[in-house]
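S.K.: coordinates only, sequence not included:
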């Protein structure tokens with residue numbers, strides 16, 4: 001969402017934005033991104049504790065649905081190669097995922113469970129829905145004659161950066177923005193971590209920001 005807001009501000013008020021850094025983001029939500037979000041939204045809304053969104057005075061919250069949403073999202077934040085290298089087919093310590101009945105977990109399942117529980121304890125489900133719906137609706141070209149026309153009005157010096165293994169916001173979307181913007185520098189982050197590389201590769205991101213603001 002940060003990158004979406006950065007390009008939106010630059011298109012909405014070009015006279016107020018001198019420089020813009022769009023990091024691991026897009027000018028519009030793609031069908032693939034929206035498709036990944038739909039099961040996340042449904043997981044929360046179909047949780048019995050969701051109560052149509054009015055769960056605050058019930059003493060319950062849709063933590064199971066929020067946890068499922070987080071699991072789905074987290075897979076898109078990482079790369080398949082990283083998950084394979086990191087976990088492979090290893091069983092979670094002390095568990096047996098090949099046992100019938102009350103089966104144990106693979107290590108990667110335990111990893112997703114950890115992140116699901118971590119988010120469910122600290123984040124509000126309605127906030128998750130609102131933010132996800134907002135990102136799904138993102139389209140800088142809406143009511144501006146299309147993406148090309150919207151980006152053509154940007155006067156800021158833009159830095160468009162992508163992560164090479166990002167499967168949620170692939171580099172091709174950054175390439176498109178770079179080609180359509182009047183003043184743009186293309187930057188690249190190399191990472192095995194997928195979309196989360198923009199958070200993990202601090203040294204590379206720092207160099208890009210220093211260069212853009214220098």
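M.R.: Noted; the coordinates are in hand. Only a predicted model underlies this, so the values are computations on that prediction, with no experimental measurement involved. Residues are numbered from 1 along each chain as shown.

S.K.: Quick check, residue 77 in contact with residue 194.
M.R.: Yes: using Cβ atoms under 8 Å, residue 77 is in contact with residue 194, at 6.0 Å. Just so you know, the C-beta spots here come from the backbone N, C-alpha and C atoms, and that holds for glycine as well.

S.K.: more crowded one of these two?
M.R.: Set side by side, residue 77 and residue 194 give different neighbour counts by other Cβ atoms under 10 Å, the larger being at residue 194 (25 against 18).

S.K.: Distance from the chain centre to stretch 88-101, please.
M.R.: In this view, stretch 88-101 has its centroid 29 Å away from the chain centroid, taken as Cα atoms, centre = their mean, to the nearest Å.

S.K.: Which neighbours do residue 77 and residue 194 have in common?
M.R.: Overlap of the contact sets of residue 77 and residue 194 (by Cβ atoms under 8 Å, 6 or more residues apart in numbering) consists of residue 168.

S.K.: Determine the number of other residues adjacent to residue 166.
M.R.: Residues near residue 166, counting by other Cβ under 10 Å, number 25.

S.K.: Low-confidence ranges, this protein, go.
M.R.: Within the chain, no range satisfies pLDDT under 70.

S.K.: could you pull out the helices for it?
M.R.: 2-12, 31-45, 63-77, 80-87, 107-122, 125-136, 147-152, 171-180, 197-200, 202-213 (DSSP state H).

S.K.: Quick check: which of the ones you listed is nearest to residue 159?
M.R.: Set against residue 159 and scored by Cβ to Cβ, those come closest in helix 202-213, at 4.1 Å.

S.K.: List the contacts of the closest residue to residue 161 other than its chain neighbours.
M.R.: Once flanking residues are discounted, residue 161 sits nearest to residue 187: 3.9 Å by Cβ to Cβ, 6 or more residues apart in numbering. Residue 187 makes contacts with 159, 160, 161, 162, 208, 211, 212, as judged by Cβ under 8 Å, 6+ apart.

S.K.: Separate out the buried members of those.
M.R.: Among these, the ones that count as buried by 16 or more other Cβ atoms under 10 Å are 159, 160, 161, 162, 208, 212.

S.K.: Tell me who's in contact with the second one.
M.R.: When contacts are counted by Cβ under 8 Å, 6+ apart, residue 160 touches 22, 174, 177, 178, 181, 184, 185, 186, 187.

S.K.: Out of these, give me the two with the largest separation.
M.R.: Within the contacts of residue 160, 181 and 187 form the most distant pair, 13.0 Å apart (Cβ to Cβ).

S.K.: of all the helices of the chain, which lies closest to residue 94?
M.R.: Distance to residue 94, taken as Cβ to Cβ, is lowest for helix 107-122 among the helices of the chain, at 10.3 Å.
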